[in-house]
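Participant: With the input below, show me the fold.
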Amino acid sequence: MRTSPLGMVCHGGAGALADRQAHSDGLAVALEEGYRLLRQSGSALDAVVKAVSIMEDNPVFNCGTGSNLTLDGTAEMDAAVMTQDGRFGGVCCVTDVRNPILVAEKVLTDTDHALLCGAGANALARRMGFEKYDVKTERSSNRLETLKAEGKSSHFPRLGGRVKTGTAGAVAIDKHGSLAVATSSGGITGRMPGRVSDAAIPGAGTYAAPSGAVSCTGHGEAIIQLMLAHDTVGRMKTMPASVAATLAVSEARRRKFMVGLVGIDARGGVCFGHSTPDMSYGYMIADKLFMFAEGKGK
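Facilitator: As a prediction, the model looks like this:
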């Protein structure tokens with residue numbers, strides 16, 4: 001039996017960090033709990049789902065509780081999980097669910113489908129016993145009102161409004177050398193209802209293969225154009241994770257795309273990078289925790 005170094009990397013979003021300490025604290029909890037499962041011989045999939053579900057319960061992150069709202073004031077969330085053998089489960093525009101990542105996991109484990117959207121995803125959540133839960137917060141509602149009042153947007157100029165991007169994600173390698181990734185997004189404030197982010201699109205914001213696993217964050221439309229997660233994992237076939245990430249982010253920066261990513265390769269090498277001003281991320285390797293919250297926040 002192959003024994004591999006345990007490793008986990010998480011991000012709390014790329015965009016604007018209002019409170020770096022809150023991001024660091026929240027990420028540390030998610031990382032430690034996910035890594036604890038790895039130490040207890042849990043699978044990489046179990047670990048990433050645990051880490052992301054913890055971030056979904058923390059309104060600091062743009063996923064689950066506190067997700068950004070659409071122009072209509074609804075919280076439509078996207079989430080996905082993927083393992084290195086190509087198994088994928090995702091949900092798009094799911095509402096009234098506390099933890100979209102748990103519903104995405106059920107798509108992978110309990111259905112014959114890869115991706116469920118809207119009413120179908122909500123129906124699966126109810127059938128699987130997930131109770132209705134209102135993820136809206138005063139903070140997310142105020143953000144939407146500010147957007148409507150200011151009427152300007154760098155990401156959606158045709159729609160108007162100031163936006164806040166962000167996602168939460170985790171990648172891990174377990175003791176068997178198996179890789180997995182989980183990503184959950186509350187979307188960009190002021191998007192049109194029905195807009196789907198990169199998080200739930202395999203190869204865009206979420207991707208895993210034998211060579212590595214990557215979770216992305218930032219401007220979803222840009223990440224989809226780049227197929228950023230797939231591109232980065234593909235580079236890991238012939239180069240270390242850190243080099244793969246540097247090259248992928250450099251291409252995004254060249255095209256003036258605002259993105260971020262974290263990843264881990266088959267050898268347990270971790271990577272992270274962003275073309276945005278801010279990004280929060282951290283990793284655990286050999287039982288040691290490393291935290292970063294880069295930005296202009298307090």
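Participant: Of all the helices and strands in the protein, which has the lowest average confidence?
Facilitator: helix 138-150 (a mean of 80; mean pLDDT, DSSP states H and E).
Participant: Convert the C-alpha atoms of the helix or strand encompassing Ala170 to CSV, please.
Facilitator: Using DSSP states H and E, the element containing Ala170 is strand 168-173. Extracted in CSV, the C-alpha atoms of strand 168-173 (Å, rounded to 0.1, in the frame of the first residue of the first chain):
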residue,chain,number,x,y,z
ALA,A,168,-14.2,29.0,-0.6
GLY,A,169,-12.3,25.9,-1.7
ALA,A,170,-10.2,23.1,-0.5
VAL,A,171,-7.9,20.5,-2.0
ALA,A,172,-6.3,17.5,-0.3
ILE,A,173,-4.1,14.4,-0.7
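Participant: Check which element follows it along the chain.
Facilitator: Sequence order places strand 179-185 as the next helix or strand after strand 168-173, per DSSP H and E.
Participant: Can you name every helix or strand that the strand holding Ala170 contacts?
Facilitator: Secondary-structure packing of strand 168-173 (3 or more C-beta pairs under 8 Å, 6 or more residues apart in numbering; DSSP states H and E): strand 7-15, helix 20-39, helix 44-56, strand 179-185, strand 212-218, strand 259-265. (Glycine included, C-beta is placed from N, CA and C.)
Participant: Once you drop chain neighbours, what's closest to Ala182?
Facilitator: Nearest non-adjacent residue to Ala182, counting by C-beta to C-beta, 6 or more residues apart in numbering: Val48, 3.9 Å away.
Participant: tally of neighbours for the one you found?
Facilitator: For Val48, the neighbour count with other C-beta atoms under 10 Å is 34.
Participant: List the residues that contact it.
Facilitator: Shown in contact with Val48 (C-beta atoms under 8 Å, 6 or more residues apart in numbering): 8, 34, 81, 170-172, 180-182.
Participant: remind me which residues of this structure are low pLDDT?
Facilitator: Within the chain, the segments meeting pLDDT under 70 span 1-3, 151-165, 294-298.
Participant: Great, nothing more from me.
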